[in-house]
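1. Provided below are the primary sequence and the corresponding predicted coordinates.
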Amino acid sequence: MLKGKTALVTGSTSGIGLGIAKALAAQGANIVMNGFGDVEGPKAEIAALGVKVAYHGADMSKPTEIEAMVAFAAEQFGRIDILVNNAGIQHVARIENFPVDRWDAIIAINMSSAFHATRAALPAMQAAGWGRIINVASVHGLVASAEKSAYVTAKHGVIGLTKVTALENATTGITCNAICPGWVLTPLVQKQVDAKAAALGISNDEAKNQLLGEKEPSLQFTTPEELGALAVFFCSPAGNNVRGVAWNMDGGWVAQ
Ligand code: NAD
């Protein structure tokens, strides 16, 4: 379905971004990867799906590097058709103890990066008359949890940006939507499981069950594969008139 299209997925060396990149590649899209850590392993997993893969190591807290990455993607494949703004980090602390450098980093990486990538990618999509922008927000773009001030602020902002991007392009073939996962067991969440297990002196499994029990009625983690399938839907012809939604995939978290 996406053969001949190119998708840039930020933060696709791991977790949800890798899951979405693989789902888009399985539909034939060439992939521009981004993110830190091991690159070769995830790159090989995507290439095994029979598409072309390129990698750019832009730091998503740096607007000039984001612009360079979008230009690189265009050089490699002609144009970005699908932009998935996914890179993100977390820090957990009460506001009065929240380190200012963590606040700045979360706002830059989890929110402002989506603006910078979108503004750089939009003109080519507008010239082509087709595009898909998918912002990986969170249930924390819709509701709050204590000790996540920067993350909740950034994710609410991303949903606002999603709506404005959708409206400004509403008469075109370019759509913009947000995905709002509940708990997904990626390295980002494993750190929170480890912290809970250490703080309460409980096992890893008990910490996972407590985490789910506090917020997610299904008591199940959402998977990167399920989120990838939702991203594919947004890119499909059935998604042509889905504009500016924040779609939670959260085991009932936000329904409470
Ligand atoms: P992850 O830690 O597995 O992956 C994060 C990715 O972002 C990695 O590829 C990492 O290298 C990259 N990254 C981090 N900082 C970067 C930077 N400065 N520049 C470039 N890349 C950078 O985490 P994940 O859980 O897959 O998170 C992906 C997105 O999903 C994030 O935006 C996160 O907020 C969101 N999310 C996650 C969950 C969850 O439960 N895991 C729930 C809701 C939303």
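-> Yep, that arrived.

2. can you pull up the most central residue in the chain?
-> In the chain, the centroid-proximal residue (C-alpha atoms, centre = their mean) is N86; its distance is 2.2 Å.

3. phi, psi of that one?
-> Here is the backbone geometry of N86 (degrees, to the nearest 10): phi -120, psi -30.

4. wait, it sits on L24?
-> No - using C-beta atoms under 8 Å, N86 is not in contact with L24, being 11.5 Å away. Any C-beta I mention is one placed from the backbone N, CA and C, and that applies to glycine too.

5. which residues of the stretch 151-256 of the chain lie near the ligand?
-> Within the stretch 151-256 of the chain, the positions adjacent to the ligand are P181, W183, V184, T186, P187, L188, V189 by C-beta under 6 Å from any ligand atom.

6. hang on, isn't the fourth one packed against G17?
-> No - contact criterion C-beta under 8 Å: T186 and G17 do not qualify, at 9.1 Å.

7. the two: which is more packed in?
-> Just comparing T186 and G17: by other C-beta atoms under 10 Å the higher neighbour count belongs to G17, 27 against 19.

8. what is the most widely separated pair among the residues of the stretch 151-256 of the chain next to the ligand?
-> P181 and P187 (14.4 Å; C-beta to C-beta).

9. quick one: which of the two has more around it?
-> Taking neighbours as other C-beta under 10 Å, P181 and P187 compare with P181 leading, 26 against 9.

10. one step back: let's see which of the residues of the stretch 151-256 of the chain next to the ligand end up in helices.
-> In this view, these that belong to helices under DSSP state H are P187, L188, V189.

11. what's the burial count for G41?
-> Quick note: G41 (other C-beta under 10 Å) scores 11 neighbours.

12. now do L8
-> Applying other C-beta under 10 Å, we find 30 residues neighbouring L8.

13. pretty sure it sits in a helix.
-> No - assessed with DSSP: H, G, I helix; E, B strand; the rest coil, L8 is strand; it does not lie in a helix.
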